[in-house]
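J.: let's see this in three dimensions:
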Amino acid sequence: MTRTPHARPRLITLLLALLALACGALTAPGAGAADGPAWWDPVQRPVPDARIGVSGEPFKGTDAQGRVRGFVDAHDHLMAAEAFGGRLICGKAFSEAGVEDALKDCPEHYPDGALDVFDLLTKGDGHHDPVGWPTFKDWPAHDSLTHQQNYYAWVERAWRAGQRVLVNDLVTNGLICSVYPFKDRGCDEMDSIRLQARKTYELQDYIDRMYGGPGKGWFRIVTDSAQAGDVIRQGKLAVVLGVETSEPFGCKQILDVAQCSRADIDRGLDELHALGVRSMFLCHKFDNALCGVRFDEGATGTAVNAGQFLSTGTFWTTERCPGEQHDNPIGLAPLPAALQQKLPAGVTVPSYAAEARCNTRGLTSLGEYALQGMMRRGMMLEIDHMGVKAAGRALDLLEAASYPGVISSHSWMDLGWTERVYALGGFVAQYMHGAQAFSDEAARTRALRVKYGAGYGYGTDMNGVGGWPGPRGADTPNPVRYPFRSADGASLIDRASAGTRTWDLNTDGAAHYGLVPDWLEDIRLVGGQQVIDDLLGGAQSYLTTWGAAERHRAAVNLAAGAGASASSSEWNPFTSYAPGRAVDGDGGTRWASDWSDGQWLALDLGATTLVGRVTLEWERAYGRAYAVEVSGDGAAWHTVWSTTAGDGGLDTARFTPVPARYVRLHFQQRATQWGYSLYEVGVYRA
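T.: Predicted coordinates for the structure are as follows:
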């Protein structure tokens, strides 16, 4: 080799640079003594504590297109241990007294878990070694519903591995609290929600102190999409507060009578918004004064239906579904003796016809009022747990308003609604199923994500008493091999450990939140990189939905008070069904035609303007086939939209905006024996 006079100095310089780089890589999890800890490492972690097993600087920033990157857990319950009376789930997400206090079992579980009542009901055997820290022999476990899975260091592990959004759903159920034999606090649901919100802010403070002061920790509660984007670009975890409870604002119903008012709803939404809550469910598990729920099935369905009776005085009632979507079959499993004893003598859970799969209870007028209130506040509706009838009506209202703030966070809506959610601009996440099942469902819906430019999410539902992926086994042909590189490429991930216990996804399954990165690696191995890429696009997609909800402003109804004429009006000596009743802003009045096809309703907007959307709120007498026509002079009409599959309820017709002064609804075919009847018609620019 020919050498130049400067080759040796250059070689020495290169070797010194490589040595410095290597030393930097070896010390990457911390920093040099002179510089102090790196931004992603705490100034002083509690000792002893769990070990996260992750090294390397977390990814921060955006991709080449300027989009934030990262995984989204759209459904978790960080503070569920504070719910249900405080003793259903044992252990805490954090404790000022340290890990020994945070990760300890409930006292009634000693000496062998015989009084672990909830696991006894759900697993068939609640017996376990109650010792948590430091041995963790039997818990946390993928199939135990009663032990802490959200210890803060386990969430930290998921953040270090690329998760950038976590929705903390504040959760409880007053009925479960009241019937569970062990508790150390009251059962008021809103009191529990307030406590869990406060504890989440305390967790943020706890982590901040660990990292050197306010604002320095990786756990950041965010209250708007712009703030969330800033947090993600800093490489930190944006934490969004949600609510999943059965009787929000005290809105239960007893014997079909609502126990809340519009004023209660307004006060409740204002309070939740002030707490930082930005997404919520209107109903969960039990029918309430706002909406009917999507049933649980099998043995769980039987038990929850008994709880429905104890809470509301009524069992679920079912009907044939009008469309392709349906609720879960309730099932005919026998009720556990412990629950049967809670029912009045002679009362049993009813059986149901197999062909009647839909909850008769939909979205109530109070529920519609609550949804409108959420839209005015820029909040996102969680559509999971709504029965088909309620969910369909909610989607109708969202579509009529062009409101994008809708979330399906953990596979609890009828999956036939998926495209409607995407078309609105909403966000979809799948429950934390096993790698194969998760990958299969992701593949099934991928074409929709491509069509709508959407990312994907998962809902762990940790501490949500749901059950999580079990182990695939050490002998599986494609196991997770430790250490592995995080999906964003920034971190090296080894096994999680705490005390004397080390967890391995292959043999332990998703035992706690710290195994989320391992589960994602399992998905990559089983389902391929495409699933992971879709999930890494989740952060931007979630923020897009949220931001669009925040920016939404109610459109002006151009038809309000417009001049109206019609081909006919039904005559009644006591009530007017004149054309103007369809544009008077009163949802209790309506226009009705004669009982024949070939009818029309025409509106004069008063001036030519761009028109791009028409909404029709039908009474029971609705149109199967009809068209929307526009005109500049009221004489020459052309069709801008039509359907032959009208289904009643609230219909929204969208079309390319066109200038028009006159809008005419031309009805060709009735869906009933009566005429055509409309409560309200809306006309909008777009």
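
J.: mind listing what's buried in the helix or strand harbouring Leu603?
T.: Element membership for Leu603, per DSSP states H and E: strand 599-618. By neighbour count on 16 or more other Cβ atoms under 10 Å, the buried set for strand 599-618 is 599-603, 605, 611-618. Using the backbone N, CA and C atoms, a C-beta is placed for each residue, glycine as well.

J.: now the element after that strand, going C-ward?
T.: strand 623-631.

J.: list the contacts of that next one.
T.: The contact list for strand 623-631, computed with Cβ atoms under 8 Å, 6 or more residues apart in numbering, reads 611, 614, 637-646, 653, 655, 658, 660-671, 676.

J.: mind listing the strands for the stretch 551-686 of the chain?
T.: 563-566, 591-592, 599-618, 623-631, 638-643, 650-670, 677-684 (DSSP state E, counting those that start in this stretch).

J.: kindly report the same for the stretch 251-400 of the chain.
T.: With DSSP E, counting those that start in this stretch as the criterion, the stretch 251-400 of the chain has strands spanning 253-254, 257-258, 277-281, 318-319, 358-359, 380-382.

J.: which of those strands sits closest to Arg581?
T.: strand 257-258 (27.5 Å; Cβ to Cβ).

J.: adjacent strands (with direction) for that closest one?
T.: Partner strands and pairing direction for strand 257-258 (DSSP bridges) are strand 253-254 (antiparallel).

J.: contacting residues around stretch 392-400?
T.: Residues outside stretch 392-400 that contact it (Cβ under 8 Å, 6+ apart): 282, 291, 323, 325, 362-363, 367-368, 371-372, 375, 381, 383, 386, 403-406, 417, 420-421, 424, 615, 649-652, 682.

J.: okay, and which of those residues map to helices?
T.: In helices, judged by DSSP state H, the following of the contacts of stretch 392-400 are found: 367-368, 371-372, 375, 420-421, 424.

J.: tell me the most packed of those residues, by neighbour count.
T.: Gly367 (26 neighbours; other Cβ atoms under 10 Å).

J.: still on that earlier bit, can you lay out the ones in helices among the contacts of stretch 392-400 as TSV showing distance to Gly473 and pLDDT?
T.: TSV is the format used below for those (distance: Cβ to Cβ, whole Å; pLDDT from 0 to 100):
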residue	distance to Gly473	pLDDT
Gly367	46	98
Glu368	50	98
Leu371	46	98
Gln372	51	97
Met375	48	98
Arg420	39	97
Val421	36	98
Leu424	41	98
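
J.: any idea which helix is longest in the chain?
T.: Criterion DSSP H: the longest helix present in the chain is helix 189-210.

J.: and it, how far out from the chain middle?
T.: Offset of helix 189-210 from its chain centre (Cα atoms, centre = their mean, to the nearest Å): 20 Å.

J.: and what of stretch 510-528?
T.: With Cα atoms, centre = their mean as the basis, stretch 510-528 stands 20 Å off its chain's centre.

J.: buried stuff in it?
T.: Judged by neighbour count using 16+ other Cβ under 10 Å, the buried positions of stretch 510-528 are 510-527.

J.: one more: stretch 170-183?
T.: Using 16+ other Cβ under 10 Å as the test for burial, stretch 170-183 gives 170-180, 182.

J.: in the stretch 51-200 of the chain, which spans are strands?
T.: Here the stretch 51-200 of the chain has its strands, by DSSP E, counting those that start in this stretch, at 54-55, 71-76, 163-172.

J.: circling back to that earlier point, including mean pLDDT and mean neighbour count, could the strands of the stretch 251-400 of the chain go into TSV?
T.: Output for these, formatted as TSV (pLDDT from 0 to 100; neighbours: other Cβ atoms under 10 Å):
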stretch	mean pLDDT	mean neighbour count
strand 253-254	96	18
strand 257-258	97	14
strand 277-281	98	25
strand 318-319	96	18
strand 358-359	96	26
strand 380-382	98	27
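
J.: quick one: closest of those strands to Val43.
T.: Checking the strands of the stretch 251-400 of the chain against Val43 by Cβ to Cβ gives strand 277-281 as the closest, at 30.6 Å.

J.: just want the angle from the closest one to helix 189-210.
T.: For strand 277-281 against helix 189-210, the angle by axes from the mean of the first three to the mean of the last three Cα atoms, to 10 degrees is 140 degrees.

J.: in the stretch 401-550 of the chain, where is pLDDT below threshold?
T.: Within the stretch 401-550 of the chain, no range satisfies pLDDT under 70.

J.: which parts of it are strands?
T.: 406-408, 427-431, 457-459, 484-485, 492-493, 496-498, 501-503.

J.: can you redo those strands as JSON lines with mean neighbour count and distance to Glu355?
T.: Shown next, in JSON lines, are those (neighbours: other Cβ atoms under 10 Å; distance: least, Cβ to Cβ, whole Å):
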{"stretch": "strand 406-408", "mean neighbour count": "28", "distance to Glu355": "26"}
{"stretch": "strand 427-431", "mean neighbour count": "26", "distance to Glu355": "27"}
{"stretch": "strand 457-459", "mean neighbour count": "27", "distance to Glu355": "30"}
{"stretch": "strand 484-485", "mean neighbour count": "16", "distance to Glu355": "49"}
{"stretch": "strand 492-493", "mean neighbour count": "21", "distance to Glu355": "49"}
{"stretch": "strand 496-498", "mean neighbour count": "23", "distance to Glu355": "48"}
{"stretch": "strand 501-503", "mean neighbour count": "18", "distance to Glu355": "45"}
